[in-house]
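**Student:** need the 3D shape of this:
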Amino acid sequence: TLSDDQREKLQQRFAKWNSMTAEQRARLRERYEQFRQLPAEQQQRIRRAFKRFHGLAPEQREKLQHKFAQMTPAQRHAFMDGAKMQQRAAKAREFFQSIPPDQRKPLRKMLHSFSVEQRHAFRSAWSKMSSDQRTEWLQRLLPMTPEQRAAELDRNAN
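**Tutor:** Have a look, this model is predicted:
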């Protein structure tokens, strides 16, 4: 039932798979399993990036692949860290865009005052709430003292 084009692509994939060593196949299976463990949102971002990369002209793809291959392990690590930071920054922008403008600055100040554990508790509680619950919780949380916020975060963590 496959078209000629689909059949050809499938044959190319089989040929590529068959040309791999057992070690290469094992690494590929491991990477695939790691990908499957990622949250759906992150999988979608990776798929979009993959499509963008393959949408480039072949010369551009080759140039980027060559540039990446020429990097030292430290440079590759820094590159990947930079990509992760860009993803986090995009998530933060998206998060703050969902907050009413008059609450953004107080929220940012509050989040910066949190310990790592409190930030984790905040994110965990936030992700479990509906939009209406988030709005109500934020309106209660912002005017609280740091001690009251800590108690509130503890309550929501349990």
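
**Student:** pull the helix or strand with minimum mean pLDDT from this protein.
**Tutor:** Least confident helix or strand, the chain: helix 73-97 with a mean of 85, by mean pLDDT, DSSP states H and E.

**Student:** what sits up against it?
**Tutor:** Helix 73-97 has contacts (C-beta atoms under 8 Å, 6 or more residues apart in numbering) with 42, 45, 68, 71, 104, 107, 108. (Glycine included, C-beta is placed from N, CA and C.)

**Student:** where in this protein is pLDDT low?
**Tutor:** When residues are selected by pLDDT under 70, those of the chain lie in 158.

**Student:** which residues touch residue 124?
**Tutor:** Going by C-beta under 8 Å, 6+ apart, residue 124 touches 156, 157.

**Student:** does it lie in a helix or a strand, and which?
**Tutor:** Using DSSP states H and E, residue 124 sits in helix 116-127.

**Student:** so how far is that helix from its chain's centroid?
**Tutor:** 17 Å (C-alpha atoms, centre = their mean, to the nearest Å).

**Student:** what do you get for stretch 13-22?
**Tutor:** Distance, stretch centre to chain centre, for stretch 13-22: 30 Å (C-alpha atoms, centre = their mean).

**Student:** and the helices in this structure?
**Tutor:** Ranges of helices in the chain, per DSSP state H, are 4-19, 22-37, 40-55, 58-70, 73-97, 101-113, 116-127, 131-141, 146-157.

**Student:** who's in contact with the second one?
**Tutor:** Outside helix 22-37, the residues within contact range by C-beta under 8 Å, 6+ apart are 17, 20, 43, 46.

**Student:** cool, the third one as well?
**Tutor:** Among residues not part of helix 40-55, those counted as contacts by C-beta under 8 Å, 6+ apart are 35, 36, 38, 61, 64, 87.

**Student:** could you dump the residues you listed to a markdown table with distance to residue 143 and neighbour count?
**Tutor:** Below are the contacts of helix 40-55 laid out as a markdown table (distance: C-beta to C-beta, whole Å; neighbours: other C-beta atoms under 10 Å):
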| residue | distance to residue 143 | neighbour count |
| --- | --- | --- |
| 35 | 43 | 12 |
| 36 | 43 | 8 |
| 38 | 37 | 12 |
| 61 | 53 | 13 |
| 64 | 50 | 12 |
| 87 | 32 | 12 |
